[in-house]
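Trainee: Predicted model and sequence follow; I will ask about them next.
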Amino acid sequence: MTTIDAQSDLREKIGRFRVLIIGRANAGKTTILQKVSNTTEDPEIYDTKGNKRGNHDITNGMVFKSNPGFVFHDLCGFEAGSPEEFDSMKKFISDHTNAKKLEERIHVIW
């Protein structure tokens, strides 16, 4: 099997790669994701059931029309001293690293 065939098989099994981006508030996380996705448009935001949402948080996935093969999750500003944000991140990572379905797992933490 060639590398390209293996990549196609993996893409087919996963559907979309799931990426968690962590950083402090107003650090430019969404701007970085826009650059990676080659767009200046805001992402579309979906809840866990696939319903469109307006606001993003760690549980809602962000998808850019220009790069639909990726679902990004944003911690929305990881600030020192916030136990709620830390607990939310730990739960999200635990839930998504232990997910039974490959497409629900986190594939990258950035």
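Mentor: Great, that's in hand.
Trainee: Give me the neighbour count for the residue nearest to Glu103 when sequence neighbours are not counted.
Mentor: The spatial neighbour of Glu103 that comes closest, neighbours along the chain excluded (C-beta to C-beta, 6 or more residues apart in numbering), is Gly15 at 4.7 Å. All C-beta spots, glycine's among them, are computed from the backbone N, C-alpha and C. When counting by other C-beta atoms under 10 Å, one arrives at 14 neighbours for Gly15.
Trainee: I figured Gly15 hits Glu104, correct?
Mentor: No - taking contacts as C-beta atoms under 8 Å, Gly15 lies outside contact range of Glu104: 9.8 Å.
Trainee: need the next SSE after the lowest-mean-pLDDT helix or strand in the chain, C-terminal direction.
Mentor: Taking mean pLDDT, DSSP states H and E as the measure, the helix or strand of the chain with the lowest value is helix 3-14, at a mean of 71. Using DSSP states H and E, the next helix or strand after helix 3-14 towards the C-terminus is strand 17-21.
Trainee: what lines up beside that next one in the sheet?
Mentor: strand 70-74 (parallel), strand 108-109 (parallel) (DSSP bridges).
Trainee: ok, the residue nearest the centre of the chain to Tyr46 distance?
Mentor: Central residue of the chain (C-alpha atoms, centre = their mean): Phe72, 2.1 Å from the mean position. The gap separating Phe72 from Tyr46 is 11 Å, by C-beta to C-beta, to the nearest Å.
Trainee: Quick check: neighbours shared by the two?
Mentor: 61, 63 (C-beta atoms under 8 Å, 6 or more residues apart in numbering).
Trainee: and Lys91, what helix or strand is that in?
Mentor: Assigned by DSSP H and E, Lys91 falls in helix 83-97.
Trainee: which helices and strands sit right next to that helix?
Mentor: strand 17-21 (3 or more C-beta pairs under 8 Å, 6 or more residues apart in numbering; DSSP states H and E).
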